[in-house]
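> Curious how this folds, go ahead:
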Amino acid sequence: MKKTVFALVAFAIASSSHAQVAAPPAKAVRGFIGIGATAGGDKLATAEYTNGDTASIRAGSGVYFTGGMEFRINEQFSAQASVNFHVDDQSARNGSLKFQRFPIEAMAFYHIDQQWKIGTGLRYVTGAKLSGSGAGEIDDLKFDNTLSGVVEAEYMFTPQVSVKVRYVNEKFEVKREYGHGEVKANHVGVSGNFYF
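Next up is the predicted model:
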C-alpha cells in the first residue's frame, strides 16, 4: 500500500507541475484531506510468510489518512488542525499484524511565498495498539497516549493541491498492565493534500 501512496503523490506532482499558483486563497477557513506514507521507528513485530519472506511492523512506519481545517491568519501565517488515522499493516491469507494509532495535530505555518510554507506543531496520539490475527495472532499490546513534536514543509502546486514532507519526534510507553518499555517512533513522511 505504501507504493500506491507514493505513486499517488508522484502523480499529483507530475500532473500539477505546469500549473500556475494564484494569489493566496480568499477563504479564511478551508478544509483539506490527504494521504501519506511514513518510515522509521523501532521494530515492533515481524511477519513471516510461507514462502520465507518477512515483513516488519515499525512504530513509525505506515500509511496515514488525514482530514482537517486550515485557518489563514494573514498573508504570512496560517494554522491547521487535523484528525488522522496512521497504520502499519502486514497481511497475508493466513493472518495479519497491525499497528494502528489515532493522531490529532495542531500546526502553525509561516508562508515563505505563495508556494512554500514551513511549520511546526504538536501531535497527540491516542489508541496506539499492536495486534495480530490468524497465523500472526499475538496478545494485543497497547501504549499510553503520547505528545510529540512535528516539523513540516509544504509546497503548493496550485491553491488546492500540495505535497508535504515532515519529521515527527515520537515515542510510545507500553501501558502498565502490559509490562514496561519504551518504543521509539521517530519517523519521516511524505503526503499529498487536497484543499477545498
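
> where do the strands sit along the chain?
Along the chain, the stretches classed as strands by DSSP state E are 29-39, 43-48, 54-58, 62-72, 77-92, 95-111, 116-134, 141-142, 146-156, 161-169, 171-173, 182-184, 187-195.

> can you put these in CSV and add mean pLDDT and mean neighbour count?
Just so you know, the C-beta spots here come from the backbone N, C-alpha and C atoms, and that holds for glycine as well. Formatted as CSV, those follow (pLDDT from 0 to 100; neighbours: other CB atoms under 10 Å):
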stretch, mean pLDDT, mean neighbour count
strand 29-39, 98, 17
strand 43-48, 84, 16
strand 54-58, 86, 16
strand 62-72, 98, 18
strand 77-92, 94, 18
strand 95-111, 95, 19
strand 116-134, 94, 17
strand 141-142, 94, 17
strand 146-156, 98, 17
strand 161-169, 98, 18
strand 171-173, 97, 19
strand 182-184, 95, 16
strand 187-195, 98, 20
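
> Give me the distance between the spatially most central residue of the chain and Phe143.
The centroid of the chain falls nearest to Tyr64 when counting by CA atoms, centre = their mean (4.3 Å). The gap separating Tyr64 from Phe143 is 17 Å, by CB to CB, to the nearest Å.

> swap in Ile57?
On the measure of CB to CB, Ile57 and Phe143 end up 13 Å apart.

> residues in contact with the residue nearest to the centre of the chain?
35-38, 84-87, 103, 189, 191 (CB atoms under 8 Å, 6 or more residues apart in numbering).

> same question, Gly132
Going by CB under 8 Å, 6+ apart, Gly132 touches 45, 95-98, 138.

> 10 Å instead?
45, 47, 57, 90, 95-99, 138-141 (CB atoms under 10 Å, 6 or more residues apart in numbering).

> Let me have those residues in CSV, extended by distance to Glu182.
Formatted as CSV, those follow (distance: CB to CB, whole Å):
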residue, distance to Glu182
Ala45, 16
Ala47, 23
Ile57, 17
Gln90, 23
Gly95, 27
Ser96, 25
Leu97, 20
Lys98, 21
Phe99, 15
Ile138, 19
Asp139, 19
Asp140, 18
Leu141, 13
